[in-house]
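> Have a look at this prediction, sequence included:
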Amino acid sequence: MSTPRTRTDLPWLIQGGMGVGVSGWRLARAVACTGQLGVVSGTALDTLLIRVLQGGDPGGHLRRALAAFPVPELADPIRERYFVEGGIGVGERFAATPRLTADEACPARSLTVVANFCEVWLAREGHEGPVGINHLEKVQLATVPARFGAILAGVDYVLVGAGIPAQIPGIATRLAQLQPVTARLDVDGDDKPVELRFDPASVLCGAQPEPPRRPDVLAIVSLPALASYLNRSAQTTPDGFIVEGHRAGGHSAPPRTDAPGRAGRFPSADRTSSAGRGQRVRSASNSAVSSRSARSPASIRGCGGNWSSASFAPR
């Protein structure tokens, strides 16, 4: 279980999780080294891992992370299969990424676990600053194995948007206890969700590591109704919220204007945070959600293309 955080432990800046490989481990590590929350994008890390390995892994960073994975029986075959010394030749095709399925024995799950471990491990290497990973709730086939890989690497925060992350707090708790998980997989057109089962023991191959620390789960919300819905019970309540208002840019950006001289640009009143990738930003429009313990707001500014303010409700 995670150690309860005090308000003085909370970062005042959150680096945005921007897309596949944009918010990578280098950016997250640089932010975390300043004591603020560095965030890696958790989207398509399996593809990113094998592409970089096939490109020769310049600097040997991913091979170093693979060597740190607690189960060599999983990491070594990935390195042996995909690493190409000097990179593939011009005109050669990259090997395809194995596809995730709902099958409990799906071999692509191991690649997803290892890839998320590597990205977080590299972001955390050599410092004590906080590191988070941003996952999309809608990418449900990867939800559990990706989270488990990040937890094995010691991730401090799991940030979840693009959906209603009601099942994520409970999943994080069970994974940190190395317990089997059954997640919900929503299938369009089906009357009820498909059950997606995942047992950490199937990945650990008999290894028995110390149970990792549970990360704090932060739900990315843009509507008060969603925050209230998630806060309805202990099972669905996250450890805090990242409030994504219309000034945050990204998914919640305002319409573009065709005013003379401003075609294709955001109105000046809304550009403070939408243009702030890699910079501190401030939002006057977003309100903080009160702490569960003290009921006093712990407002945190975010940076990046997506988020403009956040608040934590510490456990």
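Cool, the structure landed. Numbers count the residues shown, from 1 in each chain.

> helix/strand/coil for the residue most central in space within the chain?
Ranked by distance to the mean C-alpha position of the chain (CA atoms, centre = their mean), the top residue is residue 134 at 2.1 Å. What DSSP: H, G, I helix; E, B strand; the rest coil gives for residue 134 is strand.

> in which helix or strand would I find the residue lying closest to it once chain neighbours are set aside?
Nearest in space to residue 134, with sequence neighbours left out and distances taken as CB to CB, 6 or more residues apart in numbering, is residue 17 at 2.7 Å. For every residue, glycine as well, the C-beta is placed using N, CA and C. When elements are assigned from DSSP states H and E, residue 17 belongs to no helix and no strand.

> Now do the residue nearest to the centre of the chain, the pLDDT please.
pLDDT recorded at residue 134 is 93.

> Tell me the bridge partners for it.
residue 41, residue 159 (DSSP bridges).

> where along this protein do the helices fall?
Along the chain, counting by DSSP state H, helices occupy 19-22, 25-32, 45-54, 61-68, 72-82, 108-124, 143-152, 168-176, 200-204, 224-230, 271-274.

> now the fifth one, how far from the centre of its chain.
Taking the mean C-alpha point of helix 72-82 and that of its whole chain, the gap between them comes to 23 Å (CA atoms, centre = their mean, to the nearest Å).

> Could you pull out the buried residues of it?
For helix 72-82, the buried set under the neighbour-count rule, 16 or more other CB atoms under 10 Å, comprises 74-75, 78-79, 82.

> which residues sit against it?
Contacting residues not belonging to helix 72-82 are listed as 49-50, 53-54, 63, 66-67, 69, 95, 110-111, 113-114, 203, 205 [CB atoms under 8 Å, 6 or more residues apart in numbering].

> right, and the pair among those with maximum separation?
Farthest pair in the contacts of helix 72-82 (CB to CB) is 54 and 205. Separation: 24.9 Å.

> ok, these two, which is more surrounded?
Taking other CB atoms under 10 Å, residue 54 and residue 205 do not tie; residue 54 has more neighbours (18 against 12).

> on that earlier part again, now which of the contacts of helix 72-82 would you call buried?
For the contacts of helix 72-82, a neighbour count by 16+ other CB under 10 Å gives the buried set as 49-50, 53-54, 66, 69, 110-111, 113-114, 203.

> still on that earlier bit, in CSV: the helices of the chain, plus mean pLDDT and distance to residue 246.
Formatted as CSV, these follow (pLDDT from 0 to 100; distance: least, CB to CB, whole Å):
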stretch, mean pLDDT, distance to residue 246
helix 19-22, 83, 20
helix 25-32, 95, 24
helix 45-54, 95, 30
helix 61-68, 97, 37
helix 72-82, 95, 42
helix 108-124, 96, 29
helix 143-152, 94, 28
helix 168-176, 92, 25
helix 200-204, 88, 40
helix 224-230, 88, 14
helix 271-274, 29, 9
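
> Output those in TSV, with distance to residue 244 appended to each entry.
Putting those into TSV (distance: least, CB to CB, whole Å) gives the following:
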stretch	distance to residue 244
helix 19-22	15
helix 25-32	19
helix 45-54	22
helix 61-68	30
helix 72-82	34
helix 108-124	22
helix 143-152	20
helix 168-176	16
helix 200-204	31
helix 224-230	10
helix 271-274	10
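
> most neighbours per residue, which of those helices?
helix 143-152 (a mean of 28; mean count of other CB atoms under 10 Å).
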